[in-house]
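Chemist: sequence first, predicted model second:
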2 protein chains.
Amino acid sequence: MAAQQRQITLTEVARAAGVSTATASRAINGSSRRVSADIAARVKRTAEELGYLPNLSAQTVAKGASPTVAVLLSDVADPYFSAIAAGVMSGASEAGLMVTMAASERSPVRELEMLRTFRSQRPQAIIVAGSRDEENAHTQEFTAALRAYAETGGRVVVITQGPSPFDLVDIQNHDGARKLAHALVDRGGRDFGVVSGRMTLQTNADRISGFRAGLAERGISLSDDAIVETEFTRDGGYVGMHELLARRQDLGAPLDTVFATSDMMAFGAATAIRDHGLRVGTDISLAGFDNVGLTEDMNPAMTSVEIPLHELGQSAVRLALGSGAEPVRLKIQTRVVLRASTPQR
Amino acid sequence: MAAQQRQITLTEVARAAGVSTATASRAINGSSRRVSADIAARVKRTAEELGYLPNLSAQTVAKGASPTVAVLLSDVADPYFSAIAAGVMSGASEAGLMVTMAASERSPVRELEMLRTFRSQRPQAIIVAGSRDEENAHTQEFTAALRAYAETGGRVVVITQGPSPFDLVDIQNHDGARKLAHALVDRGGRDFGVVSGRMTLQTNADRISGFRAGLAERGISLSDDAIVETEFTRDGGYVGMHELLARRQDLGAPLDTVFATSDMMAFGAATAIRDHGLRVGTDISLAGFDNVGLTEDMNPAMTSVEIPLHELGQSAVRLALGSGAEPVRLKIQTRVVLRASTPQR
DNA sequence: TTGAAAGCGTTACCAA
DNA sequence: TTGGTAACGCTTTCAA
C-alpha cells in the first residue's frame, strides 16, 4: 500500500483554481447562487484533476441535514424484509439518498440501541419495518424515541403497525387473510387449522382475525385449538405444524386445510407435513402469506397472498420525502394467488 | 405535530451543567483525558435530562473518521446477498459500527456511482460483494476508485474476486464444485448438464471449472454443448434449464444429472424440469450451490454446496478492522450437502 | 483535572 | 457574480 495520503479538500481545490472556497463550493456542490460558466468549468476541472470528493459529514454539519434514510428491520436475511429493503434502497437511490440499515434481530433492547444510533446520525427519515410486540415495555420507550426524533424535524415512516402518530404504510393484512379464507373455502376447505406467530405481533394478529372473519362469513368457525401459536419464523412454522398435526390426531379431529400466517412459516410447515408422511396439496392444503419469491418454485407451488413488497419499500421513501404536514396512511392492497398447494378438493 | 424543536447540542449541555464544552465532550463521548467522577456524573445527568444525542457527523468531521462500514452488493433481495448482508450487519453492530448499504442492481454504471457516494462518506471500510464482470470496461475504473479510497486510509474488503490488491474473502468455489462433482458421480451420475451464469463472472467461472475438474478426475468429460450459459438468476435458471432439456432432446443425448451454479438458478431449474413433465430427483438429479435457506424446504430437498454466508459477512467486518498492513486472503471452505434432489441412481 | 481556543471541511450570510 | 467570514457541532491541543 502506498503511503497514506490525505483527501483533497474544497479549500485546496479553491486555491488551485484561484478562487475562494465560497465560489468553489457554489461551483461544485451547487446552490441557489450561480457562478459564471467559465469559472465553474475551471473549478470543476481542477476538482476532477485533484480527485476531490465532497466530505459528506462536513456538508451535513454545515447544512444541518444528512442525505440519508435509515431503515430498521428485524432481519435482512428474511425474504419479507429483504424485499422491502430492496425497495427502500431503490427508492432512496432515485431520490439521491444514502441508506443506513440495522437489524434488531427481534430484540427490543437492540432495537432501542439502533434507534439511538440512527438518531445520532440525523437522517432525513427513519423507516421502521416489522411490527413491534405491543405488550413489550420497550415498545413505549421506542415510540417515545421516534416521537422525539420527529419533533426535531425527522420524518418517521412505519410499516404495518397499530395506530401511530407517524406516516404509516398500512398493509391490508386483515383484508388479505379474509379474502384468502374465502378462496380456500371455495376450493373446498372445510376443516381448517392455523399455524400462527405470536398474537402480540400486530401483523400476525390482523391476519388471524381476518382469516377468522373470512371463514365466519362462509359459516365456518375456527376453534381455538385449531390455532397453534409459535415463533413467526420458518422454524416456528415447522414446529407449529408438527404440533397442529399431533393435536388434531389426539382429538381425532379432521384437518384438510392449513393457513400459515407467513410464507416462511408455510415453508417450514410444508416440510413438517412431508416429514409426517403426508403430501402437501393432496392430503393437506397449505397456504402462506406475503408471496415472497420462491413460492412458485415450491413443489407444489405455494398459495399465498401477494404484498407488493418492493413497491411498498419505494413508497415508504416517497412518503418520507413528502410534505409531512399531516401523518399519511398509505394502504397497501393485497391479492390472493392460488396455486397447487391448495387444489380444488 | 409539535413545533419544530432543535436538537440539543453539546455546548448547551455544557452550559447547563456549568462546565466547558471540552469537559462535557470528555465526560460524554470519552477520550484519553479523564474527568473527575462527580463532574462526569453531573454532565451525564444533564445530557440525559436534556435528551442530548451526539451529532455523528460533527464527530466525524472533528475526528476525521466515520464509525461506519459501507456495503456494496448486487441485490439485497437475493438470499445469497441478504445472508451476507445480515452477517455484515451483525459484525458491524458488534464492533459498534453503522452500516450503509447500496445495491448496484448489477449495473456497472450504478456501481460506480454508489462507490463514489460511499467514498464521500469516508467510512472505515468498504465491503464489496458479488463479483464484477471482468470484461467490463467499468471494472477497471471501479478498481481504480477502490484503490484511491484505500490510499486515503480506507479499508477495502472484497468478497470473491479474482486476484486483487485488497483484503479478500475468498470463497472456495472451485474446490466446492469439484467436491460436488465427485459426490454426484458417486451417486451414480453419468450424463451431466450444467445451467450456468455468465462465464465472465469470476464466481460462476470458478464453479464451472471446479465442476469440470471434478468430473474429469472421475473420468467424465463435460462437452461444451452440455453447458447452457444464461443469467445468473432464478429466471436464468428457469430459461436455461428449458434450453438444456430441449438441446439434449434434439441431440438425442442422455441427461441424468444437472448442476445449476447457484441455488437461485437451481430453484428456477427445478420448476422448469417439472414444467417439462419430468420429476426432480427421479428423472433428473439437480444440485445447486450456496446452500441458501429454503434448500431443505424444497421438494425434493435440494442438494447444494454450503457456504457459511452469515459468518463470512461477519468475518469481512473483522478483516476490515484488522491492522491492514498486508492484504489478507481469508479462505472460506465449502461443504457438500447431499439431499433428495440427487438420490443414488 | 479543567478551560480557552484552534481546527475539522463545508455552507451561507453579508458586503463589495 | 465573487470573496470574506461566521457558523455548524464537535474534538483536541495547549495552558493554566
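Modeler: Arrived safely, thanks for sending.
Chemist: just say helix, strand or coil for residue A:185.
Modeler: helix (DSSP: H, G, I helix; E, B strand; the rest coil).
Chemist: surely it is in contact with residue A:218?
Modeler: Yes: the criterion here is CB atoms under 8 Å, and residue A:185 meets it with residue A:218 at 4.3 Å. Just so you know, the C-beta spots here come from the backbone N, C-alpha and C atoms, and that holds for glycine as well.
Chemist: need the nearest residue in space to the residue of the stretch 101-250 of chain A found nearest chain B, chain neighbours excluded.
Modeler: Closest to chain B within the stretch 101-250 of chain A is residue A:120: 4.5 Å, counting by CB to the nearest CB. Excluding the flanking residues, the one nearest residue A:120 by CB to CB, 6 or more residues apart in numbering or on different chains is residue B:56, at 4.5 Å.
Chemist: what is the neighbour count of the one you found?
Modeler: 22 (other CB atoms under 10 Å in any protein chain shown).
Chemist: ok, it - contacts?
Modeler: By CB atoms under 8 Å, 6 or more residues apart in numbering or on different chains, the residues touching residue B:56 are A:57, A:117, A:120-122, B:66-67, B:98.
Chemist: kindly report the same for residue A:216.
Modeler: Neighbours of residue A:216 in contact, by CB under 8 Å, 6+ apart: none.
Chemist: measure the residue nearest to residue A:106 when sequence neighbours are not counted to residue A:159 for me?
Modeler: Leaving aside its sequence neighbours, residue A:106 sits nearest to residue A:74 (CB to CB, 6+ apart; 5.1 Å). Distance of residue A:74 to residue A:159, given as CB to CB, to the nearest Å: 11 Å.
Chemist: give me the more crowded residue out of the two.
Modeler: residue A:159 (29 against 20).
Chemist: and residue A:239, that one's in a helix?
Modeler: Yes: the assignment for residue A:239 by three-state DSSP puts it in a helix.
Chemist: what's the closest non-adjacent residue to it?
Modeler: residue A:230 (5.6 Å).
Chemist: isn't the one you found right next to residue A:240, touching?
Modeler: Yes: judged on CB under 8 Å, residue A:230 makes contact with residue A:240 at a distance of 3.7 Å.
Chemist: identify the contacts common to these two.
Modeler: A:195-196, A:265.
Chemist: so which of the residues you listed belong to strands?
Modeler: A:195-196 (DSSP state E).
Chemist: distance to residue B:317, pLDDT and neighbour count added to the shared contacts of residue A:230 and residue A:240, as TSV?
Modeler: Converted to TSV, the shared contacts of residue A:230 and residue A:240 look like this (distance: CB to CB, whole Å; pLDDT from 0 to 100; neighbours: other CB atoms under 10 Å in any protein chain shown):
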residue	distance to residue B:317	pLDDT	neighbour count
A:195	36	98	29
A:196	36	98	26
A:265	31	98	31
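Chemist: which phi and psi does residue A:220 have?
Modeler: phi -120, psi 130 (degrees, to the nearest 10).
Chemist: burial count for it?
Modeler: Neighbour tally, residue A:220, other CB under 10 Å: 16.
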